[in-house]
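Student: kindly generate the corresponding structure for this input.
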Amino acid sequence: MTRRNGIVFTIMMLIGLGIFFWSFRKISWTQFASEVKNANWWWLIVAVGAMVVYLLLEAVVVKIFVDDAHEKLSWRDAIRVPLVEQLGNGITPFATGGQPMQMITLAQAGIDPGRAGSILLMKFVVYQSMIVVNFLMALTIGYHYIADKLHAWAILVLFGFVIHLAVIVGLLLVMYWSTLTRTMVLLVFKPIGWFRPALVEKWKDVVDEKIDNFHRESVRMSHDWPALVKAIVVTFFQMAVYYLIPYFILLGLGVSPINVVLVTALHVLIVMVISLFPIPGGTGGAEAGFAVLFSQFLPSASVLLFAMMIWRLITYYLGMFAGIVAFNLNAAKRRK
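Tutor: Below you'll find the model as predicted:
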């Protein structure tokens with residue numbers, strides 16, 4: 001991890017700690033300690049396991065697309081892809097760093113950048129499509145609850161849906177409209193050419209070749225229905241496991257009975273809203289969204305805070321720490 005990324009990671013950790021300590025201002029430490037002691041940690045371990053399964057299933061999707069492209073990728077490197085993605089997403093605004101870090105990981109494994117780009121974009125399109133599908137299902141279940149009690153959040157949820165839909169359309173245009181892709185690359189190269197024209201000329205043929213390879217692979221993969229269907233099915237279950245994490249946390253805190261469908265639907269809507277916050281990891285917005293939407297299920301502020309901390313540690317910080325380990329282990333291997 002670069003020094004700059006390390007600084008960003010440290011800042012996000014400090015902000016997260018600040019949010020947690022600020023949340024403690026009206027809560028008794030004794031009461032909070034009692035809630036921690038009385039928690040059913042087996043259910044909380046299940047919640048952690050759900051996050052692990054989520055990451056492993058994404059590695060399966062990576063293997064599906066890489067094998068379909070007739071490339072070789074070990075399971076070790078396949079697992080590294082979602083881990084470094086978690087790190088990249090967690091330290092950049094709007095989670096923009098995940099894709100480049102996945103590209104680096106596949107390139108380190110020896111996969112051609114053009115082919116790697118088409119693999120990652122196809123994976124991302126499938127993932128975004130499943131977000132939209134899950135959102136539409138959650139909308140019919142949880143939207144009335146949000147609209148009745150939290151009018152501003154209802155607007156954010158709908159806006160998040162529009163953004164995700166626009167992302168899918170944009171990605172499809174980039175994947176299949178080669179003229180658009182070349183135009184975008186030329187726009188990036190233009191300011192570089194003002195200062196380093198020789199460098200642009202040197203890169204031009206290489207980039208053109210990678211773009212051609214990228215579009216050939218995109219077209220081929222979109223017509224390979226067996227691989228595409230397998231990826232869609234695995235991604236659907238991957239996201240279902242992820243969306244169940246708050247349900248397992250609530251069980252661990254002794255909440256009963258629980259409407260598992262409503263809890264899962266609300267988590268879908270929270271994830272949709274988090275994507276709108278420009279701060280890395282949606283820090284601040286994520287905690288506020290969880291507190292607002294899940295407060296009805298929890299008996300006290302101390303239990304709510306404990307649930308929010310566990311949820312954030314599992315769904316955000318766990319992935320980032322695992323990503324740091326995965327990234328540095330590979331760097332250590334290359335130095336040997």
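Student: contacts, neighbours, all on C-alpha from now
Tutor: OK.
Student: what's the closest non-adjacent residue to residue 172?
Tutor: Once flanking residues are discounted, residue 172 sits nearest to residue 125: 7.7 Å by CA to CA, 6 or more residues apart in numbering.
Student: name the nearest residue to residue 99, sequence neighbours excluded.
Tutor: Nearest to residue 99 is residue 85, by CA to CA, 6+ apart, at 6.7 Å.
Student: how far away is the one you found from residue 247?
Tutor: According to CA to CA, to the nearest Å, residue 85 and residue 247 sit 25 Å apart.
Student: one step back: what's the neighbour count on the residue nearest to residue 99?
Tutor: By the criterion of other CA atoms under 10 Å, residue 85 has 24 neighbours.
Student: report the separation between residue 89 and residue 173.
Tutor: Distance from residue 89 to residue 173, counting by CA to CA: 23 Å.
Student: those two: which is more packed in?
Tutor: residue 89 (23 against 14).
Student: what's downstream of the helix or strand hosting residue 17, the next helix or strand?
Tutor: Taking DSSP states H and E as the definition, residue 17 sits inside helix 3-23. Next helix or strand after helix 3-23 toward the C-terminus (DSSP H and E): helix 29-38.
Student: centre of the chain versus that following helix, how much separation?
Tutor: Centroid displacement of helix 29-38 relative to its chain, using CA atoms, centre = their mean, to the nearest Å, is 31 Å.
Student: for the stretch 1-150 of the chain, what spans make up the helices?
Tutor: 3-23, 29-38, 41-68, 75-90, 98-108, 113-149 (DSSP state H, counting those that start in this stretch).
Student: closest to residue 311 out of these?
Tutor: Of all those, helix 41-68 sits nearest to residue 311, with 8.5 Å by CA to CA.
Student: quick one, the closest one and helix 113-149 angle?
Tutor: Helix 41-68 and helix 113-149 are oriented at 140 degrees to each other (axes from the mean of the first three to the mean of the last three CA atoms, to 10 degrees).
Student: from the contact counts, what lies against helix 41-68?
Tutor: On a contact count with 3 or more CA pairs under 8 Å, 6 or more residues apart in numbering; DSSP states H and E, helix 41-68 meets helix 75-90, helix 113-149, helix 225-243, helix 245-252.
Student: where does the protein have low pLDDT?
Tutor: In the predicted model, the chain carries pLDDT under 70 at residues 1-9, 142-143, 145-154, 175-178, 180-182, 184-223, 330-336.
Student: change it to 50
Tutor: Residues of the chain meeting the criterion pLDDT under 50: 331-332, 334-336.
Student: since we're on residue 267, how many residues are nearby?
Tutor: 24.
Student: for the nearest residue to it once chain neighbours are set aside, what are its contacts?
Tutor: The shortest distance from residue 267 to any non-neighbouring residue, by CA to CA, 6+ apart, is to residue 243 (5.9 Å). With contact taken as CA atoms under 8 Å, 6 or more residues apart in numbering, residue 243 is in contact with 264-265, 267-268.
Student: from the residues you listed, pick the one nearest residue 183.
Tutor: Closest to residue 183, out of all of the contacts of residue 243 and judged by CA to CA, is residue 268, at 35.6 Å.
Student: before we move on, back to that, would you mind checking the contacts of residue 243 for buried ones?
Tutor: 264-265, 267-268 (16 or more other CA atoms under 10 Å).
Student: and which of those residues is nearest to residue 95?
Tutor: residue 268 (17.1 Å).
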